[in-house]
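Participant: here is my input; please provide its structure:
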Amino acid sequence: MDRDFEIAHRKEVLVLLLGTNMGDRSQNLTQAILGLNKILGEPIKQSTIYETPPWGYEDQDAFLNMAVMYSTSMKPTILLDTILQLEVDLGRIRQEKWGPRLIDIDIIFYGDMIYQSDFLEIPHPYMHERKFVLEPLNEIAPQYEHPLLGQSVSQLYQAINANE
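Facilitator: The predicted structure is shown next:
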């Protein structure tokens, strides 16, 4: 049976990471949350905002990042399309990988789902390597277990801190 079809009939915990390093960064996050709330309803949890250095391409301004948790029954592929459209509606123009961005919304976890296609990987394939992801996640979901790695967000966060 199609995994997307199965999920469409039950609610799952969705964990997103938001990031921005262009323009009014705080306002960008606020607008993204308002847009997500229209799509997904009120969040279950929301982290504080963290200012973090750029990752990947370092010659750019610092980011503001935050994690948000929702409950949804939206199919993952439809969710991705909806999030990408929200980014465009908020003014995002994709120019270079890891470059400056007005808003970035990443799907980190969707329940305990493991999903891979040409356009979407759940859980996010690099989340465990990035402190800017793990720090806000650890605030709102420290016990959330990575379905592939078998470790909690807290354990992953402690490991990345130990490696710094």
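Participant: rest of the way, CA atoms for contacts and neighbours
Facilitator: Noted.
Participant: what about stretch 35-44, distance to the chain center?
Facilitator: 14 Å (CA atoms, centre = their mean, to the nearest Å).
Participant: render the CA-only coordinates of that stretch in PDB, please.
Facilitator: The C-alpha trace of stretch 35-44 is given here as PDB (Å, rounded to 0.1, in the frame of the first residue of the first chain):
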ATOM      1  CA  GLY A  35       2.000  31.000   6.600                       C
ATOM      2  CA  LEU A  36       2.700  27.600   8.100                       C
ATOM      3  CA  ASN A  37      -0.100  28.100  10.700                       C
ATOM      4  CA  LYS A  38      -2.600  28.800   7.900                       C
ATOM      5  CA  ILE A  39      -1.600  25.600   6.200                       C
ATOM      6  CA  LEU A  40      -1.000  23.300   9.300                       C
ATOM      7  CA  GLY A  41      -2.800  25.000  12.200                       C
ATOM      8  CA  GLU A  42      -1.300  26.100  15.400                       C
ATOM      9  CA  PRO A  43       2.100  24.600  16.300                       C
ATOM     10  CA  ILE A  44       2.500  22.000  19.100                       C
END
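Participant: state the mean pLDDT of that stretch.
Facilitator: Mean pLDDT, computed over stretch 35-44, is 95.
Participant: give me the buried positions along it.
Facilitator: Within stretch 35-44, the residues that count as buried by 16 or more other CA atoms under 10 Å are G35, L36, L40.
Participant: wait, the last one sits on Y70?
Facilitator: Yes - counting by CA atoms under 8 Å, Y70 is a contact partner of L40 at 6.9 Å.
Participant: ranges for the strands of this protein?
Facilitator: With strands called from DSSP state E, the chain shows them at 12-20, 45-46, 50-52, 63-72, 104-110, 115-116, 121-122.
Participant: looking at those, which is nearest to L137?
Facilitator: With distances scored as CA to CA, the stretch of these nearest to L137 is strand 63-72 (5.8 Å).
Participant: what segments of this protein are helices?
Facilitator: 3-7, 25-40, 76-89, 131-140, 153-162 (DSSP state H).
Participant: now N161. Nearest residue, chain neighbours left out?
Facilitator: Of all residues not flanking N161 in the chain, K131 sits nearest, at 7.8 Å (CA to CA, 6 or more residues apart in numbering).
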